[in-house]
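> got a structure for you, letters missing:
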């Protein structure tokens, strides 16, 4: 990842006082440099149906799953937070069928009028016209993403993962190699999972965020993103037990209703991380 290009992206949206309010479309030498490194982009015009088709093609390659999982694990010790949300992007779209926006209209549209997207809690529009992707990549680079359930974010996230220049893998989707996973990554993973097993129904997602502070070097915003990624991926799942907080936490979307006695979903955790867990490692 080109450090100068990343700095240009981050400085476009973030300053000493927090959020800036830049206006797209962007231009100038800095923008052109960041764009040449695949970090910033021209406005995107695309349809929902084209996004679905591109996602479907990526999911046809079984090697994508291992790259997503190892990218997530690799990020834990390296603090490359931009590698984390591909786990939720992959999980949210892996069961998305090939479909058109109006094929099955949503009866009760919560995230989309498209029934298939709405069922999977994906936010989607029929048409995207001159859409700025830079703010989405800024959030991905800064914290590990924010709008994890946006269909367009999932597409960008997975495509950028395939184009990542931090290793020697080809950008050709037919030749996807995994990331290096170290013993430190595995240790952090074990700590994250152990911390989620609080057994206390009074513990909320916010409580877990604070517990995770001791597990890995991170900011509050990065841990919030990590909670959402795990919840969207089915690792932190609301069980069929009474909720201590009606309506859940407004700070989260997927992790809003999680509480300590839910723990983590062992079957899904093993499906993702089996080779990297102490009890299953060879």
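Noted; the coordinates are in hand. Because the structure is a prediction, the values reported are computed rather than measured.

> what's near enough to touch the residue most central in space within the chain?
Compute the mean C-alpha point of the chain, and by C-alpha atoms, centre = their mean the closest residue is residue 85, 2.0 Å away. Counting by C-beta atoms under 8 Å, 6 or more residues apart in numbering, residue 85 touches 140, 144-145, 148, 153, 157, 225, 229. Using the backbone N, CA and C atoms, a C-beta is placed for each residue, glycine as well.

> which pLDDT value belongs to residue 242?
Predicted confidence (pLDDT) for residue 242: 87.

> roughly how far apart are it and residue 257?
Separation of residue 242 from residue 257 (C-beta to C-beta, to the nearest Å): 11 Å.

> and the contacts of residue 85, which is closest to residue 201?
Distance to residue 201 across those (C-beta to C-beta) is lowest for residue 229, with 23.1 Å.

> residues of the helix or strand containing the closest one that come out buried?
Counting by DSSP states H and E, the element that carries residue 229 is helix 220-232. For helix 220-232, a neighbour-count test (16 or more other C-beta atoms under 10 Å) marks 222-232 as buried.

> which parts of the stretch 101-250 of the chain are strands?
Secondary structure of the stretch 101-250 of the chain (DSSP state E, counting those that start in this stretch): strands at 127-131.

> could you list the low-pLDDT ranges of it?
Counting by pLDDT under 70, the stretch 101-250 of the chain shows low-confidence ranges at 165-175, 246-249.

> now do the helices in it.
115-119, 134-143, 151-162, 183-196, 205-212, 220-232 (DSSP state H, counting those that start in this stretch).

> any chance of those in CSV, plus distance to residue 5?
Shown next, in CSV, are these (distance: least, C-beta to C-beta, whole Å):
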stretch, distance to residue 5
helix 115-119, 31
helix 134-143, 10
helix 151-162, 12
helix 183-196, 26
helix 205-212, 30
helix 220-232, 21
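
> those: which one's closest to residue 261?
helix 183-196 (10.8 Å).

> now for the closest one, which elements pack on it?
For helix 183-196, the packing partners by 3 or more C-beta pairs under 8 Å, 6 or more residues apart in numbering; DSSP states H and E come out as helix 63-78, helix 205-212.

> what lies in contact with the longest one?
Where contact means C-beta under 8 Å, 6+ apart, the residues beyond helix 63-78 that reach it are 58, 80-84, 86-87, 89-90, 144, 158, 161-162, 164, 169, 173, 176-182, 184-186, 188-189, 192, 216, 229, 272-273, 276.

> please indicate which of those residues are buried?
Buried among the contacts of helix 63-78 by 16+ other C-beta under 10 Å: 58, 80-84, 86-87, 89-90, 144, 158, 161-162, 164, 169, 173, 176, 178-179, 181, 185-186, 188-189, 192, 216, 229, 272-273, 276.

> nearest residue to the residue nearest to the centre of the chain other than its sequence neighbours?
Once flanking residues are discounted, residue 85 sits nearest to residue 145: 3.8 Å by C-beta to C-beta, 6 or more residues apart in numbering.

> count of neighbours near residue 263?
Neighbours of residue 263 under the rule other C-beta atoms under 10 Å: 18.

> so how far is residue 100 from the closest residue to it other than its chain neighbours?
Once flanking residues are discounted, residue 263 sits nearest to residue 197: 4.7 Å by C-beta to C-beta, 6+ apart. The gap separating residue 197 from residue 100 is 43 Å, by C-beta to C-beta.

> equivalent analysis for residue 181, please.
39 Å.
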